[in-house]
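>>> Sequence first, then the predicted structure:
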Amino acid sequence: MRRCMVILCAFCGAWCCESIYAAPPDLTPQQQWEIIVEDPRPMNEALIALSEQLHVPITYEDPPFESSGDLKAVIPGTESFVPKGGRIHFVYRNTDGVDGAVAALLEQFNANSTGGRFRHAGGGDIYNVIPSHYVNRSGEWVEFRSPLDTPVSLDAEERTCNDAVEAVFEAMSQVDDRFRFGAGHLHPNGPWNRIPYRPTGGEKTARDVLNTVTKLCNDARSDKSYIYTWYFRVGPSAKDGDKPMCFFNLNRLSLRKPAPMALRVTSSRPMASVVRILEERFGVTITYEDPPYAGRDVMGTPGTEQCSFRGGIINLEWTYAQDSANGVLKQLMKTVISPRYNKDSFRMEMVDETHFHVRPVKMRNAEDVDVKYKSPWSEPLSQTLKGGPVHVVLERLCEQVSATGKQPVVLAAIPEHLAARLKKHTVADVAVDEDQSARDALANILWAADKTISWQVIYNLHTQRHELVLHDTKPEPSVQ
């Protein structure tokens, strides 16, 4: 989710160099590809997406995560942390190839104030993205030397690729006391346990050995529908004296026909995150409602400060023909949200070409069983809604929805710039209409005043109530 509300985007192009891997379909020079990623380690996820689309291994190494700006508690009030993540929107045309895609992605990401800075090396059969700087606990950018820069020279002893990885970790643990080195995440039945490690003679560092292992595993494939790449993770370190744990993972990626647009979101509330991303991308208004959360969807004890959403993952791809808010939302409704929901958990309703509703139709109960769910916002008003200032009428509407659905719903604080715009409007009495839901009433109230205002109904685990949160779908004017 691993959720920290951050977004990373990337556009990528076609493979244009010789490679041992199957090349993706040719694209015209005018085409650009889009990858949108949201994750605690957005650079890692962006590079995985690039590897899948460009059909070449692009490896990733974590920087240290020490600064408060780079960390987020897994559960509030605990000392268990995950990286906070970051957002980037990256445009890339296919004429620049892999080198251009990786270089442009790093240039834009490195302009961020958090999340580390990176450089890249390699080319041809494998590319490496390597951390060069990070923010320390004092908030200062400092240079970083990756543990994988450790000199390693393996002798001619006969060993498997798995043995070579273990030897690398042993060598790093002997000379680098900044970290603890956990075992590499290599499946016991993987090919690396059978493939002999044959050094090329050019290996000088731990990274070189891992690259050779990756190339040997890719050379040994009989099925060319996938490739191996790797990433090196460094655990967060929130306190002085902490020695973060490092892990290595040799990752298998599917080589499919790449779609021009791809969305990858890892979030505590992935559907809510995707909806906001699509609002921004298409310049439309998409409202969203949370289901209640329970069972495995929750970590900790609901109703206390020590609880958090477990999170989920959305992978969504679309074509140029589907590149509209309506087309992508239709595709989104068919998408599996792993591991929480199947593709039938939400419904999309199109109000007009620029206004949409996304609502839940299933929830997971405390027994971890998926059950049907009808949002209280789908019910008609139970009595006439007395008119008045917009914020007052919204509070009255929330009270009615609370009584109808037997679930507390409150109006969250309205951002000042939105409150100022809404203050200019008043609402007439809203009569009961069996054909009009509370959601329809809410849309009529807000969009009569300003059609660029959207909302999300958010489930607050700590208070166990839903909150109606308004937001703007157009950028707030900057203050000079």
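Nice, I can see it. Numbering: from 1, shown residues only.
>>> Low-confidence stretches in the chain?
Using pLDDT under 70 as the threshold, the predicted model of the chain has low-confidence ranges 1-31, 75-78, 87-88, 93-95, 183-188, 238, 256-258, 306, 338-343, 475-480.
>>> now the helices: where do they sit in it?
42-54, 97-109, 161-175, 206-219, 270-282, 325-333, 390-405, 416-422, 438-449 (DSSP state H).
>>> Quick check: the gap between R41 and L250.
Look at R41 and L250: by CB to CB, to the nearest Å, they are 17 Å apart. Bear in mind the C-beta positions are built from the backbone N, C-alpha and C, glycine included.
>>> just to revisit the earlier point, so which of the helices of the chain is the most surrounded?
Most buried of these, by mean neighbour count (mean count of other CB atoms under 10 Å): helix 42-54, with a mean of 26.
>>> Which one of the helices of the chain lies nearest to N128?
Closest approach to N128 among these is made by helix 206-219 (6.2 Å; CB to CB).
>>> got the angle for that closest one vs helix 161-175?
Using axes from the mean of the first three to the mean of the last three CA atoms, to 10 degrees, the inter-axis angle of helix 206-219 relative to helix 161-175 is 170 degrees.
>>> for helix 206-219, the distance to its chain's centre please.
Put simply, helix 206-219 sits 28 Å off its chain's centre (CA atoms, centre = their mean, to the nearest Å).
>>> again with stretch 407-416
26 Å.
>>> For A111, give me phi and psi.
phi -80, psi -10 (degrees, to the nearest 10).
>>> That one and L105: what is the separation?
As judged by CB to CB, A111 and L105 stand 11 Å apart.
>>> Just give the nearest non-adjacent residue to T319, would you?
The shortest distance from T319 to any non-neighbouring residue, by CB to CB, 6 or more residues apart in numbering, is to A259 (5.8 Å).
>>> how close does that neighbour get to T452?
The gap separating A259 from T452 is 30 Å, by CB to CB.
>>> before we move on, what about K215?
Counting by CB to CB - K215 and T452 are separated by 52 Å.
>>> Over to E467?
21 Å.
>>> picking up where we left off before, tell me the contacts of the residue nearest to T319?
A259 makes contacts with E317, W318, T319, as judged by CB atoms under 8 Å, 6 or more residues apart in numbering.
>>> List just the nearest of these to S153.
Once CB to CB is applied, the member of these that ends up nearest S153 is E317, at 43.1 Å.
>>> isn't the closest one right up against A262?
Yes - E317 is within contact range of A262, at 4.7 Å (criterion: CB atoms under 8 Å).
>>> So for L316, what's the nearest residue that isn't a sequence neighbour?
Here the residue nearest L316, using CB to CB, 6+ apart, is L263, at 4.2 Å.
>>> which residues does I58 form a beta bridge with?
Y127 (DSSP bridges).
>>> show me what contacts W455?
Taking CB under 8 Å, 6+ apart as the test, what W455 contacts is T287, Y288, L442, L446, L468, V469, L470, H471.
>>> which residues touch the closest residue to the fifth one other than its chain neighbours?
Ranked by CB to CB, 6+ apart and with sequence neighbours excluded, the top spatial neighbour of L468 is L411, at 5.0 Å. If you count contacts by CB under 8 Å, 6+ apart, L411 has them with H391, L394, E395, C398, E467, L468.
>>> quick one: the closest residue to E467 other than its chain neighbours from I458, how far?
Nearest residue to E467 in three dimensions, chain neighbours excluded: A412, at 4.5 Å (CB to CB, 6+ apart). Using CB to CB, we find A412 at a distance of 8 Å from I458.
>>> Overlap in contacts, the two.
E467, V469.
>>> unless I'm mixing things up, S402 is touching P408, no?
Yes - counting by CB under 8 Å, S402 touches P408, with 5.3 Å between them.
>>> anything in contact with each of A111 and L105?
With CB under 8 Å, 6+ apart applied, the contact sets of A111 and L105 do not overlap.
>>> of the contacts of W455, buried ones?
T287, Y288, L442, L446, L468, V469, L470, H471 (16 or more other CB atoms under 10 Å).
>>> Switch the residues you listed over to JSON lines; also include distance to S225.
Output for those, formatted as JSON lines (distance: CB to CB, whole Å):
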{"residue": "T287", "distance to S225": "40"}
{"residue": "Y288", "distance to S225": "36"}
{"residue": "L442", "distance to S225": "47"}
{"residue": "L446", "distance to S225": "48"}
{"residue": "L468", "distance to S225": "47"}
{"residue": "V469", "distance to S225": "43"}
{"residue": "L470", "distance to S225": "46"}
{"residue": "H471", "distance to S225": "42"}
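>>> Narrow those to those in strands?
T287, Y288, L468, V469, L470, H471 (DSSP state E).
>>> how close does the nearest residue to the fifth one once chain neighbours are set aside get to G405?
To tie it back to what came earlier, the one meant is L470. Among residues not flanking L470 along the chain, W455 sits closest, at 5.1 Å (CB to CB, 6+ apart). Distance of W455 to G405, computed by CB to CB: 16 Å.
>>> Over to K330?
27 Å.
>>> What of G190?
As for G190, its distance to G405 is 50 Å (criterion: CB to CB).
>>> Same check on A438?
Taken as CB to CB, the span from A438 to G405 is 9 Å.
>>> Which residues are in contact with Y293?
P302, F309, M363, R364, Y459, L461.
>>> wait, G115
With CB under 8 Å, 6+ apart, G115 has these contacts: P42, M43, P63, D70, P83, K84, G85, G86, F109.
>>> Quick one: residues contacting the third one.
Shown in contact with P63 (CB under 8 Å, 6+ apart): G115, G116, R117, F118, P131, H133, Y134, F144, V234.
>>> how does it look with 10 Å?
If a contact means CB atoms under 10 Å, 6 or more residues apart in numbering, then P63 has 43, 70, 83, 115-118, 130-135, 144, 146, 234 as its contacts.
>>> mind giving me the domain split of the protein?
8-254, 381-480 (automatic domain parsing).
>>> any idea which of these is most buried?
domain 8-254 (a mean of 18).
>>> that older thread, from the contacts of A259, list the buried ones, please.
The buried subset of the contacts of A259 (16+ other CB under 10 Å) comprises E317, W318.
>>> just the contacts of A259 now: which is nearest D368?
E317 (29.2 Å).
>>> tell me the contacts of the closest one?
By CB under 10 Å, 6+ apart, the neighbours of E317 are 35, 49, 53, 256-264, 328, 331, 335.
>>> Repeat that for N251.
Contacts of N251 (CB under 10 Å, 6+ apart): 44, 48, 51, 57, 59-60, 185, 214, 227-231.
>>> would you turn those residues into CSV with distance to D368?
Output for the contacts of N251, formatted as CSV (distance: CB to CB, whole Å):
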residue, distance to D368
N44, 29
I48, 29
S51, 34
P57, 37
T59, 37
Y60, 33
H185, 27
T214, 38
I227, 35
Y228, 34
T229, 34
W230, 34
Y231, 31
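>>> quick one: which of the residues you listed is nearest R359?
Ranked by distance to R359 (CB to CB), those are led by I48 at 31.1 Å.
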